[in-house]
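Mind folding the following:
(chains A, B, C and D)
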Protein chains: 2
Amino acid sequence: MVRGESKNAPSMADVAARAGVSHQTVSRVVNGSDAVRGETRDRVLAAIDELGYRRNKSARALVTRRSGRLGLLYTQPHLYGPGTLAASVHQAGQKAGYDVILSPVPHLEATSAERAIEALLDDAVEAVLLGVSHQSFEDLVAQLAATVEVVMIHSDPPAGVRSVGIDQHAGAVLATQYLLDLGHRTIAHVAGPVGWIDARQRREGWLAALRDSDVAPGPEIFGDWSSRSGYEAGAEIARDPSVTAVFAANDSMALGVIRALHEAGRRVPQDVSVVGFDDVPDAAYLWPPLTTVRQDFASLGELAVEVATKAIADGTVETPALLAPELVVRASAARKPS
Amino acid sequence: MVRGESKNAPSMADVAARAGVSHQTVSRVVNGSDAVRGETRDRVLAAIDELGYRRNKSARALVTRRSGRLGLLYTQPHLYGPGTLAASVHQAGQKAGYDVILSPVPHLEATSAERAIEALLDDAVEAVLLGVSHQSFEDLVAQLAATVEVVMIHSDPPAGVRSVGIDQHAGAVLATQYLLDLGHRTIAHVAGPVGWIDARQRREGWLAALRDSDVAPGPEIFGDWSSRSGYEAGAEIARDPSVTAVFAANDSMALGVIRALHEAGRRVPQDVSVVGFDDVPDAAYLWPPLTTVRQDFASLGELAVEVATKAIADGTVETPALLAPELVVRASAARKPS
DNA sequence: CCGCAATATGTTAGCGTTCACATCGCCTCG
DNA sequence: CGAGGCGATGTGAACGCTAACATATTGCGG
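Numbering: from 1, shown residues only, chains lettered A, B, ... in the order given. Next comes the predicted model:
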């Protein structure tokens, strides 16, 4: 932009003067009121166009006492799930007439998250969507909910909290049951880090499926969602010849497990079966293609926005909504070798 | 939030009344003016605290005629690079005192991008960062720059445009030269889709390195960044026994290539070497670990914000800044089989 | 102890909207 | 033909803040 090139942005008054009407009439046109004569409307529209008029949201927000904004707090913005969720929330929010403020918190520390929430509150968001299924947030929610509408994106929300989520427990059961059905009886789990709700739920799903079939849990190793941690877990698992199947709590760790298994000379899936979680786009094209549990992050985002807008409108707290995940069978898991 | 629980948010006037000062004094305290007596300041601070006062940004923006906002437009929000970039821009912006509006455009069509820009302009951003290295944006820039400060995040910007980028051409040369050094003489390229600047630059870097060594280009196949397209390209490449190395324009496609090669019975790297681009976190834990070109998206975001804030301050257009990428050597590429 | 600078605080206006209400034509109908 | 009503438009105030200026209060030299 060349300095000094443009004067102050035109205001409604400027448009009004140009169109020979009052600012209020311009306001009516801009807001789609039907109490304006067609000819007048056309004149105003023309003036708007010629001047390049753009309504000042600050002034509008000031007088209406509504920001028209939704805030989404989310972690691990570089990952597929959160990234997809953010885009989906943003889009759904726009469609519902809201500006969405995306607030990624790269490193999960209490301070940075609290600062991010403060920033959202400073921006006067009408609702906060909490796309952070970490334990440390469960305490925050109560006090936050006193200030603003809150929607948790969470598969196991505290009672009385508005929430939407994907059923992590069910997904884990799906994965584990599939391995059971393939004849596996020693199924290891590479869990997500302690503190993460999704990690806990997936672990519990694994445990529950095993229990239902009267099968004892195989070894359990905690990772940190990264492929590196999956690799380390896989190396450990490879040393235990009794393990014939691994359920990893996400695709990255699954892929790390597979590499470690390969390095140890154990073939996947001939010797050891591996199932992941998430169905990242690359999962289908790994070697071997990864059997995994698909989560529909896009629908999740839309649902979250829907709940949020409803919350803003009437403040009701509906029962938590849970989306069902889906098992995607590919080549990384096979019948137990006899 | 329970309906009717809270009244209108407290204003400066409320704080002023409580602290026994004028609203202007409250303003001074909030804005860190030093022309306030310590004792007075404390009283005001106490009142702010008791009332839970929060400055109204809309009112402030209205009177100062500054929004304090930066907008980032970016595509493919679910991918590692864009996600990291977005988070980095957001964080750097906050640190520089700006609110950052993240605007992901999931599907790249002219209309949705233009709508996203309109939305950013409606939000009165003081600068737009264009994290979209697609051709279709190069035309948009000129007219956009007349309205607002623009920073392109782009490795090959049009002349006179403020920009920062990572040197894609250099990265591709790095990768190709490495394969050349390993003795490969028939090096295929799986290119990114036509229209994407990064794709073009990587392809040209591949071509340039080959030319410098007087080696004829190997087969060239255009993908769409997805691992699926890499897989299809790999299947085609596998049919050509003369190809001993593949440079893929990103890691996803590289991984698809590797799978196709495996399926065709060609070993990586013993029979065919593969190099990717990006260094996504999982690249190091694929099987085999992927040799690739690392881009520092975090620094890129910081740099972009720095340039943007400087642009807002003094409107100067500096010469485009280019960050150097780095070759990360892992196991997916090896000496040419003799 | 007066006067004047420097420091601390207050007052007023206005940013660009929307809201509530006032006004102005014009048409309808008794 | 005049009252009443309705549709179209205008007027004024207010939202919460900052900028500019005005005023009070302090300290200090002469």
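
contacts, neighbours, all on C-alpha from now
Noted.

the strands in chain A, which residues?
A:69-75, A:99-105, A:127-131, A:149-153, A:163-166, A:187-191, A:220-222, A:245-248, A:273-275, A:292-294, A:321-323, A:326-328 (DSSP state E).

Adjacent strands (with direction) for the fourth one?
Counting by DSSP bridges, the strands paired with strand A:149-153 are strand A:127-131 (parallel), strand A:163-166 (parallel).

Next one: the residue nearest to residue A:138 when sequence neighbours are not counted relative to DNA strand D, how far apart?
Leaving aside its sequence neighbours, residue A:138 sits nearest to residue A:158 (Cα to Cα, 6 or more residues apart in numbering or on different chains; 7.2 Å). To DNA strand D, residue A:158 is 33 Å away according to Cα to the nearest atom of the strand, to the nearest Å.

okay, the strands paired with strand A:149-153 in CSV with distance to DNA strand D next?
Putting the strands paired with strand A:149-153 into CSV (distance: least, Cα to the nearest atom of the strand, whole Å) gives the following:
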stretch, distance to DNA strand D
strand A:127-131, 19
strand A:163-166, 30
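
could those strands go into JSON lines alongside mean neighbour count, distance to residue A:174 and mean pLDDT?
Listed next are the strands paired with strand A:149-153 as JSON lines, based on neighbours: other Cα atoms under 10 Å in any protein chain shown; distance: least, Cα to Cα, whole Å; pLDDT from 0 to 100:
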{"stretch": "strand A:127-131", "mean neighbour count": "25", "distance to residue A:174": "24", "mean pLDDT": "96"}
{"stretch": "strand A:163-166", "mean neighbour count": "26", "distance to residue A:174": "13", "mean pLDDT": "96"}
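
what would the strands of chain A look like in CSV with distance to residue B:275?
Conversion of those to CSV gives the following (distance: least, Cα to Cα, whole Å):
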stretch, distance to residue B:275
strand A:69-75, 30
strand A:99-105, 31
strand A:127-131, 35
strand A:149-153, 38
strand A:163-166, 36
strand A:187-191, 29
strand A:220-222, 31
strand A:245-248, 27
strand A:273-275, 26
strand A:292-294, 26
strand A:321-323, 39
strand A:326-328, 29
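
So which of those strands is nearest residue B:282?
strand A:245-248 (14.7 Å; Cα to Cα).

so where's the stretch 151-300 of chain A uncertain?
In the prediction, the stretch 151-300 of chain A carries no residues with pLDDT under 70.

can you map out the helices along it?
Listed from the start of the chain, the stretch 151-300 of chain A has helices (DSSP state H, counting those that start in this stretch) covering A:168-181, A:197-212, A:227-238, A:251-263, A:297-314.

Now do the second one: which elements does it pack against?
The helices and strands touching helix A:197-212, judged by 3 or more Cα pairs under 8 Å, 6 or more residues apart in numbering or on different chains; DSSP states H and E, are helix A:168-181, strand A:187-191.

among the ones you listed, which is nearest DNA strand C?
When these are compared by Cα to the nearest atom of the strand, helix A:168-181 sits nearest DNA strand C, at 42.5 Å.

what about the helices in the stretch 1-150 of chain A?
Residue ranges of the helices in the stretch 1-150 of chain A, as given by DSSP H, counting those that start in this stretch, are A:12-19, A:23-30, A:38-51, A:57-64, A:80-95, A:110-122, A:136-145.

how about JSON lines for those helices, with distance to residue B:167, mean neighbour count and mean pLDDT added?
Output for the helices of the stretch 1-150 of chain A, formatted as JSON lines (distance: least, Cα to Cα, whole Å; neighbours: other Cα atoms under 10 Å in any protein chain shown; pLDDT from 0 to 100):
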{"stretch": "helix A:12-19", "distance to residue B:167": "45", "mean neighbour count": "19", "mean pLDDT": "94"}
{"stretch": "helix A:23-30", "distance to residue B:167": "45", "mean neighbour count": "18", "mean pLDDT": "95"}
{"stretch": "helix A:38-51", "distance to residue B:167": "40", "mean neighbour count": "16", "mean pLDDT": "94"}
{"stretch": "helix A:57-64", "distance to residue B:167": "38", "mean neighbour count": "16", "mean pLDDT": "96"}
{"stretch": "helix A:80-95", "distance to residue B:167": "25", "mean neighbour count": "24", "mean pLDDT": "97"}
{"stretch": "helix A:110-122", "distance to residue B:167": "32", "mean neighbour count": "16", "mean pLDDT": "90"}
{"stretch": "helix A:136-145", "distance to residue B:167": "40", "mean neighbour count": "15", "mean pLDDT": "84"}
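
between those, which gets nearest to DNA strand D?
Among the helices of the stretch 1-150 of chain A, if distance is taken as Cα to the nearest atom of the strand, the winner is helix A:57-64, at 3.5 Å.

which other residues reach that closest one?
The contact list for helix A:57-64, computed with Cα atoms under 8 Å, 6 or more residues apart in numbering or on different chains, reads A:67, A:68, B:57, B:58, B:59, B:61, B:62, B:122, B:123.

try 6 Å
Helix A:57-64 is contacted from outside by A:67, B:58, B:59, B:62, using Cα atoms under 6 Å, 6 or more residues apart in numbering or on different chains.

filter those residues down to the ones close to DNA strand D.
Counting by Cα under 7 Å from any atom of the strand, B:59, B:62 from these sit close to DNA strand D.

of all the contacts of helix A:57-64, which two lie farthest apart?
Farthest apart among these by Cα to Cα are A:67 and B:62. That separation is 13.4 Å.

wait, which of the strands paired with strand A:149-153 is closest to DNA strand C?
strand A:127-131 (19.5 Å).

Return the distance of that closest one from the chain's centre.
For strand A:127-131, the distance from its own C-alpha centre to the chain's C-alpha centre is 10 Å (Cα atoms, centre = their mean, to the nearest Å).

got it, and stretch A:303-320?
With Cα atoms, centre = their mean as the basis, stretch A:303-320 stands 17 Å off its chain's centre.

Buried residues, it. List them.
Along stretch A:303-320, these residues count as buried under the neighbour rule (16 or more other Cα atoms under 10 Å in any protein chain shown): A:303, A:304, A:305, A:306, A:307, A:308, A:309, A:311, A:312, A:315, A:317, A:320.

do stretch A:278-298 as well
Of the residues in stretch A:278-298, A:278-280, A:282-298 count as buried by neighbour count, 16+ other Cα under 10 Å.

what's the answer for stretch A:257-275, then?
When neighbours are counted by 16+ other Cα under 10 Å, the buried residues of stretch A:257-275 are found to be A:257-262, A:266-269, A:271-275.

what subset of those is also close to chain B?
Contacts with chain B within the buried residues of stretch A:257-275, counted by Cα under 6 Å from any Cα of the partner chain: residue A:259.

and which of the buried residues of stretch A:257-275 is nearest to residue A:23?
Sorting these by how near they are to residue A:23, with Cα to Cα, puts residue A:275 at the top with 63.2 Å.
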